[in-house]
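Student: got a predicted model here, sequence first, then my questions.
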Amino acid sequence: MNRRALITGVSGQDGSHLAELLLSKGYEVHGLIRRSSSISTTRLDGIYQGPEVAGRSFVLHYGDLTDGQSLARLVADIQPDEVYNLGAQSHVAVSFEIPEFTFDVTGQGALRLLEAVRNHAPAARFYQASSSEMFGSAPPPQNEQTAFHPRSPYAVAKVAAHYATQNYREAYGLFACAGILFNHEGERRGETFVTQKIARGAARIGQGRQSELLLGNLDARRDWGHAVDYVHAMWLMLRADAPDDYVIATGEAHSVREFCQLAFARVGLDWERYVKVDERYLRPSEVDHLCGDSTKARTALGWQPDVSFEQLVHRMVDAQLENES
Ligand code: NAP
Ligand code: G4F
């Protein structure tokens, strides 16, 4: 029997890569999408199967993490073997503008989904997309033992969802895992995250379509990996013998400045001539330095990343050059 998976956030960067991974492994994949006035499933173009496809293995359902009844009904109807909760208002800076909404979707949404699983598919394995943002100002290297010090409404919501996942594991015996993933990027990254903003800006400036790039804090350091490597870790966690929480990271941190340097060099330009700091992109409280220690995942799950920092930057810029051509 093929395994059946339900993915929230399937239209996002990670959701689209995870859906492809699970389909390649023979899963029947169900994805939750929100209704929107324009098409929001472009990342799924390569795997979309319309309702006319007989016996399709990829099915999209309307729902919302703020609507507990829709989640309960979907879980009851689909009876998934695995549930991946990737849906979130995932933009840290935006979470300062819409904190209540962020908490509702990113924090309480996880609790709603856990309840749906507990009540309607208690044998399902559950993955929660926790985040290195939860570590906030805790000094690097951060691992599973590091105390959280969240620095944004988004991070506070992720901490709540993380603890809810642990509590449902302890209280109800759910096979519930939290992956504490450090930043991961790629060709499908949203345009307002710093890496894609830089990759796109470098490509456009290189092609003479843009004259400057406005950014915020250039000193922030992140442990950046590629999303394809990271969704593989999600799947490995749910294939383990017992549920647990794992840090997923490359173990290498670079500054926003270094990202700019490599991205602009890819198009033969000196970044310092084009990048300007604009205070509007500074955050009320910043996370200065994230660098993960993923020894546990490497040892227990056999996980390791394949894409280096330099390859990541080059792949993102090259993809933007193709987009713009
Ligand atoms: P993303 O590209 O922003 O995707 C977020 C997904 O959540 C989208 O499919 C979005 O749908 C969906 N969503 C938003 N609000 C929703 C709601 N109310 N109900 C249902 N779905 C909703 O994020 P990502 O980078 O793929 O990240 C996936 C998950 O991992 C997120 O939970 C994120 O917080 C977490 N995470 C990401 C990173 C990273 O570096 N990428 C690191 C650690 C943790 P629309 O397409 O309709 O907006
Ligand atoms: O790309 P960012 O917006 O990602 P951030 O805040 O680290 O959050 C991402 O990674 C988290 C994992 O740690 C995820 F949980 C979360 O969902 C998201 O995927 O910003 C990275 C850094 C920050 O320090 C920010 O202040 O880049 C700095 N930055 C500088 N200029 C900028 C900009 N960030 C953005 N988005 N836009 C700028 O113009």
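Tutor: On my side now, so go ahead. Numbering: from 1, shown residues only. Ligands and ions are numbered 1, 2, ... in the order given.
Student: please name the residues that touch the residue in the stretch 201-325 of the chain that ligand 1 sits nearest to.
Tutor: At 6.5 Å from ligand 1, residue 227 is the closest residue in the stretch 201-325 of the chain, using C-beta to the nearest ligand atom. All C-beta atoms are positioned from the backbone trio N, CA, C, and that covers glycine. Neighbour list for residue 227: 13, 14, 17, 184, 185, 186, 188, 189 [criterion: C-beta atoms under 8 Å, 6 or more residues apart in numbering].
Student: show me where the stretch 101-250 of the chain has its helices.
Tutor: Under the criterion DSSP state H, counting those that start in this stretch, the stretch 101-250 of the chain carries helices at the ranges 109-120, 153-172, 194-206, 227-239.
Student: can you list the ones you listed in TSV and add distance to ligand 2 and mean pLDDT?
Tutor: Formatted as TSV, the helices of the stretch 101-250 of the chain follow (distance: least, C-beta to the nearest ligand atom, whole Å; pLDDT from 0 to 100):
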stretch	distance to ligand 2	mean pLDDT
helix 109-120	13	98
helix 153-172	7	99
helix 194-206	4	98
helix 227-239	10	98
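Student: now distance to residue 279 too, for those helices, in CSV please.
Tutor: Listed next are the helices of the stretch 101-250 of the chain as CSV, based on distance: least, C-beta to C-beta, whole Å:
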stretch, distance to residue 279
helix 109-120, 32
helix 153-172, 20
helix 194-206, 15
helix 227-239, 30
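Student: what's the closest of the ones you listed to residue 272?
Tutor: helix 194-206 (12.4 Å; C-beta to C-beta).
Student: one step back: can you pick the most crowded of the contacts of residue 227?
Tutor: When neighbours are taken as other C-beta atoms under 10 Å, the top entry among these is residue 184 (28 neighbours).
Student: right, and it touches residue 229 too?
Tutor: Yes - using C-beta atoms under 8 Å, residue 184 is in contact with residue 229, at 7.3 Å.
Student: filter the contacts of residue 227 down to the ones close to ligand 1.
Tutor: 13, 14, 184 (C-beta under 6 Å from any ligand atom).
Student: what sits closest to the closest residue to ligand 2 within the stretch 51-200 of the chain if chain neighbours are left out?
Tutor: Per C-beta to the nearest ligand atom, residue 131 is where the stretch 51-200 of the chain lies closest to ligand 2, at 3.2 Å. Spatial nearest neighbour of residue 131, chain neighbours left out: residue 158 (4.7 Å); criterion: C-beta to C-beta, 6 or more residues apart in numbering.
Student: how is the protein partitioned into domains?
Tutor: Following automatic domain parsing, one finds the domains of the chain at 4-185+226-248, 194-221+253-291+307-324.
Student: any idea which of those gets closest to residue 300?
Tutor: Taking C-beta to C-beta, domain 4-185+226-248 is the member of these nearest to residue 300, at 7.0 Å.
Student: distance between the closest one and the chain's centre?
Tutor: Mean-position distance between domain 4-185+226-248 and its chain equals 8 Å (C-alpha atoms, centre = their mean, to the nearest Å).
Student: and the gap between residue 143 and residue 64?
Tutor: 34 Å (C-beta to C-beta, to the nearest Å).
Student: over to residue 254?
Tutor: Note on residue 254: its distance to residue 64, by C-beta to C-beta, is 36 Å.
Student: who has more neighbours, the two?
Tutor: Taking neighbours as other C-beta under 10 Å, residue 254 and residue 64 compare with residue 254 leading, 20 against 17.
Student: isn't residue 156 right up against residue 106?
Tutor: No - in this structure residue 156 lies outside contact range of residue 106 using C-beta under 8 Å: 9.1 Å.
Student: identify the residues contacting the helix or strand of the chain with the lowest mean pLDDT?
Tutor: The weakest-scoring helix or strand in the chain, judged by mean pLDDT, DSSP states H and E, is helix 309-324 (a mean of 95). Residues from elsewhere that reach helix 309-324 (C-beta under 8 Å, 6+ apart): 185-187, 189, 195-196, 199-200, 202-204, 206-207, 209, 224-226, 250, 252, 254, 259, 262-263, 266-267, 307.
Student: hmm, it in reach of ligand 2?
Tutor: No - using C-beta under 6 Å from any ligand atom, helix 309-324 stays clear of ligand 2, coming no nearer than 12.0 Å.
Student: residue 297 is nearest to which of the domains of the chain?
Tutor: Proximity to residue 297 (C-beta to C-beta) singles out domain 4-185+226-248 among these, at 4.2 Å.
Student: what's the end-to-end length of that closest one?
Tutor: End-to-end distance of domain 4-185+226-248 (C-alpha to C-alpha, to the nearest Å): 24 Å.
Student: before we move on, what about stretch 97-116?
Tutor: 29 Å.
Student: who in the protein is up against ligand 1?
Tutor: Within the chain, the positions adjacent to ligand 1 are 8-9, 11-15, 32, 34, 36, 40, 64-66, 86-90, 105, 129, 131, 181, 183-184, 190 by C-beta under 6 Å from any ligand atom.
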